[in-house]
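Enquirer: below is the structure, and that's it, no one-letter string:
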């Protein structure tokens, strides 16, 4: 039987500079090959730069960016009677946060020419203004869900 065992959530420690679990999660998502120190430097430089550009406290500006990018609905494939339907479902808050972070980091990594701190800073600022690549990704997900609204009644199966 599927879905019987629940995994325990890891309890993360807040990051050193901002004492925030959200920033700590973001650092862990950005980290590659266990190089946490470099990920910390990149994130802290980017968030500080975002705070300077927005003239708001760094943590508040970062939370605004994450909340802007969080998706409200997404589509999941459901197989019903031999046919596969793209069914729009509401996104749980934990997954929405994870998707937002993933999209921001992916958008920053896909940019060319600058250091990662600069690329991430630019992406955070453009998402703060609601016109970044991660916001476009969110809009596409919402459009797909809207287009498949006719199959929403399959969501409860």
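Expert: In hand now; what should we look at? Quick caveat, the model's predicted, so the values are computed rather than measured.

Enquirer: surely residue 102 forms part of a helix?
Expert: Yes: counting by DSSP: H, G, I helix; E, B strand; the rest coil, residue 102 is part of a helix.

Enquirer: burial check on the nearest residue to it once chain neighbours are set aside, number of neighbours?
Expert: What sits nearest to residue 102 in space, not counting adjacent residues and going by Cβ to Cβ, 6 or more residues apart in numbering, is residue 29, at 6.5 Å. Placement of C-beta: from N, CA and C, glycine included. Using other Cβ atoms under 10 Å, residue 29 has 15 other residues around it.

Enquirer: so what's residue 29 up against?
Expert: The contact partners of residue 29, by Cβ atoms under 8 Å, 6 or more residues apart in numbering, come to 98, 101, 102, 105.

Enquirer: next, give phi and psi for it.
Expert: Dihedral angles of residue 29 (phi, psi; degrees, to the nearest 10) stand at phi -70, psi -40.

Enquirer: and if you look at residue 63?
Expert: Taking degrees, to the nearest 10, you get phi -70, psi -40 for the backbone angles of residue 63.

Enquirer: what about stretch 93-100, distance to the chain center?
Expert: 6 Å (Cα atoms, centre = their mean, to the nearest Å).
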